[in-house]
Every structure is written in structure tokens, then in C-alpha cells.
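> give me a model of this one.
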Amino acid sequence: MINLDFIGLFVLIAGFIIGLGAVTVIDIHGFLGRKSQYWTEATTRTHKVTKPIIWAGIMLALIGGAIFFRNEAFAGIPFYLSIIAGVLIVNGLFLSFSVSPYLLQKERDGKAGELLPQSWQNKIIVSLIFSDLGWWGGLLLLVFYLVNQN
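Next up, the predicted model:
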């Protein structure tokens with residue numbers, strides 16, 4: 001019989017795989033798009049696919065984490081992971097409801113290949129840093145937790 005810890009950990013790790021994979025793809029596109037019209041347009045198109053995949057990853061990680069850590073005190077690593085999840089959600093809201101509509105409007109206006117203004121690039125770089133640190137940091141904490149269980 002499969003127990004809840006197994007299911008929770010599987011769903012949690014699946015969330016990391018799905019979310020971090022999509023984040024890696026869009027972050028590489030965004031990095032390349034800073035100075036390239038080709039990659040700027042590719043980023044606009046790619047984010048339409050990665051955005052829902054990242055949200056699916058966050059949701060799976062939240063559900064899996066809630067199941068896996070259900071018997072743990074809300075302290076230490078479970079607490080830190082929840083803070084990271086909150087930061088990733090706020091960051092995702094900014095990307096989904098500020099950056100994404102801006103990119104989509106540029107595409108509708110036939111300007112998807114134009115380099116983004118420096119002010120937008122700066123905001124996106126900060127957001128990507130939060131995203132990368134959150135996803136990789138969360139994964140690191142999970143691995144640390146798992147390795148240190150007796």
C-alpha cells in the first residue's frame with residue numbers, strides 16, 4: 001500500500017521538476033533576449049507555454065509539501081519552504097499580471113522583437129533572480145531535509 005508520505009514527496013518533487021524546468025527555459029530565453037531581437041521575440045512566445053507550467057509546478061509543490069510535511073511542526077525547513085513558496089507566488093503574480101500583459105501587447109502591436117526598455121529589463125532581471133534563488137533554494141532545503149532524516 002502506498003502511504004501519504006510517498007505520495008506527498010512524489011507530488012512535491014514533481015512540482016519542483018515541472019516548475020524548475022519551465023523556469024530554467026524562460027530564464028535562459030530572457031537572459032538571451034536582453035540584447036537580441038530574435039531572443040526577445042522567442043521569449044514572448046515561449047512565456048505563453050512556460051507561465052502555466054510554472055504555476056502548475058508551484059501548485060503541485062504546495063500540495064505535495066502540505067501532504068509530506070503534514071505531521072511536522074510549522075518551523076525549520078517546512079517554514080522556510082513556505083516562505084519561499086510565498087515569494088515565488090508574489091513573484092509569479094508580478095510576472096503574470098505585469099510583465100506578461102506588457103509582452104503580449106507588444107506582440108499584438110507587431111513589436112515583439114523590439115528589445116525591452118532598460119526599466120523593464122531591470123525589473124525582469126530582479127524577478128528572475130528571485131525565481132532562481134527560490135526554486136533552487138527550495139530544492140536545496142528539501143534535499144537537506146531528506147538527507148538529514150533518521
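> pretty sure residue 142 contacts residue 12?
Yes. The pair residue 142 / residue 12 is scored as a contact, 7.1 Å apart, by C-beta atoms under 8 Å. Yep, even glycine has a C-beta here, placed from its N, CA and C like the rest.
> quick one, which of the two is more surrounded?
Neighbour count, other C-beta atoms under 10 Å: between residue 142 and residue 12, residue 12 has more, with 23 against 20.
> distance from the strand or helix carrying the more buried one to the middle of the chain?
Under the criterion DSSP states H and E, the helix or strand holding residue 12 is helix 4-32. Relative to its chain's centre, helix 4-32 lies at 7 Å (C-alpha atoms, centre = their mean, to the nearest Å).
> quick one: residues in contact with the lowest-mean-pLDDT helix or strand in the chain.
Lowest mean confidence among the helices and strands of the chain (mean pLDDT, DSSP states H and E): helix 100-108, at a mean of 91. Residues outside helix 100-108 that contact it (C-beta atoms under 8 Å, 6 or more residues apart in numbering): 43, 44, 45, 47, 51, 112, 114, 120.
> whichever helix or strand comes after it vs helix 100-108, what angle?
Where DSSP H and E defines the elements, the next helix or strand beyond helix 100-108 is helix 118-147. Counting by axes from the mean of the first three to the mean of the last three C-alpha atoms, to 10 degrees, helix 118-147 lies at 130 degrees to helix 100-108.
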